[in-house]
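Trainee: take this sequence and fold it.
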Amino acid sequence: MYVIAALYQFTRFDDPTALRGPLLDLCVARGVRGTLLLAHEGINGTIAGTRDAIDALLAHIRTLPGCAALDWKESTARNAPFNRMKVRLKREIVTLGQPDVDPRAAVGHYVEPAEWNELISAPDVVVIDARNDYEVAIGTFQGAVDPGTRSFRDFPAWWEENRARFHNKRIAMFCTGGIRCEKSTNYLLGLGESEVFHLKGGILKYLEEVPADESLWRGECFVFDGRVSVGHGLREGPHELCHACRQPILPADKARPEYERGVSCHLCVEQTTDEQKARFRERQKQVDLAAARGKRHIGMAESR
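Mentor: Got it, this is the predicted structure:
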């Protein structure tokens, strides 16, 4: 059984480059896989490994500047949810593209999972899903507004076009683990919105703590690892990824005529050219050949 830890911390790293090497070395030494992002504004990522390995890595991260109070969310998976380990340097640990946004200065009011249902059921509250369209497509909260964004960077433009719809409303926002709401609620506060709330710990914490028979969540929650989706109790969901477009599909979708493994599905078959499909087909051939030899097509560790 693999332990999966989803984490983030907004803090000031003066030299994130200097943090990357020791962090990657520890991950590789302990057999931890996943992705960690480092920027001047902090750290973000999801990692998986044995219990001891994850504990060692979290202990190391808590020694980094401003990370002593690091919070994270845990779940488990039967199979390895990642193929390799990546530690990347980025401009932002979650990209909103708004240089004045700083979650360390102020964020919306945190709402515990046990109190979330009452808030979002109030008639003067509008509930906004801060995730992307392909995530929303497989599950969201009952009555939530879907901005229909392909990228978190698109959220500010969507808000400017739609803010008049929410006049005199309290704003309740949610995302997978909470990080996008840290930035989006700070952004709204900076625009003069005052009654802004967000789900503490995100959907993952809600699905972990709120019983299914009391839940206002509908569907599954997309996760950025090999499980693809999870449901109540953070059990693994039924979804798989189309390895052409990286969107979640159900097992039944593979019986559709548009589906070709590694090449296309009903969501993307019209979005790619014949040349792209030929390239995807060759890539899938190499993946299958590597599997037949008992090898991984993708290496475990990122190069230094």
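
Trainee: longest single helix anywhere in the protein?
Mentor: helix 274-292 (DSSP state H).

Trainee: what does the average pLDDT come to for that helix?
Mentor: For helix 274-292, mean pLDDT is 92.

Trainee: ok, stretch 216-223 next?
Mentor: pLDDT averaged over stretch 216-223 gives 98.

Trainee: so what touches it?
Mentor: Contact with stretch 216-223 is made by 46, 116-117, 120-121, 131, 134-135, 138-142, 176, 203-204, 206-207, 210, 228-232, 237-239, 248, as judged by CB atoms under 8 Å, 6 or more residues apart in numbering. (Each C-beta comes from the backbone N, C-alpha and C, glycine too.)

Trainee: buried set for that stretch?
Mentor: Buried residues in stretch 216-223, counted by 16 or more other CB atoms under 10 Å: 216-217, 220-223.

Trainee: pick the one among those residues closest to Val269.
Mentor: The closest of those to Val269 turns out to be Phe222 (CB to CB; 20.8 Å).

Trainee: just to revisit the earlier point, can I get the buried residues of stretch 216-223 in a markdown table with distance to Val94 and secondary structure?
Mentor: Shown next, in a markdown table, are the buried residues of stretch 216-223 (distance: CB to CB, whole Å; DSSP: H, G, I helix; E, B strand; the rest coil):
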| residue | distance to Val94 | secondary structure |
| --- | --- | --- |
| Leu216 | 25 | coil |
| Trp217 | 22 | strand |
| Glu220 | 22 | coil |
| Cys221 | 17 | strand |
| Phe222 | 15 | strand |
| Val223 | 15 | coil |
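
Trainee: all helices of the stretch 201-304 of the chain, in order?
Mentor: Under the criterion DSSP state H, counting those that start in this stretch, the stretch 201-304 of the chain carries helices at the ranges 202-209, 274-292.

Trainee: point out the most buried one among these.
Mentor: helix 202-209 (a mean of 21; mean count of other CB atoms under 10 Å).

Trainee: contacting residues around that one?
Mentor: Under CB under 8 Å, 6+ apart, the answer for helix 202-209 is 6, 73, 75, 113-114, 116, 174-179, 181, 199, 201, 215, 217, 221, 223, 230-234.

Trainee: buried subset of the residues you listed?
Mentor: Buried among these (16+ other CB under 10 Å): 6, 73, 75, 113, 116, 174-179, 181, 199, 201, 215, 217, 221, 223, 230-232, 234.

Trainee: coming back round to it: so which of the contacts of helix 202-209 belong to strands?
Mentor: 6, 73, 75, 174, 199, 217, 221, 230 (DSSP state E).
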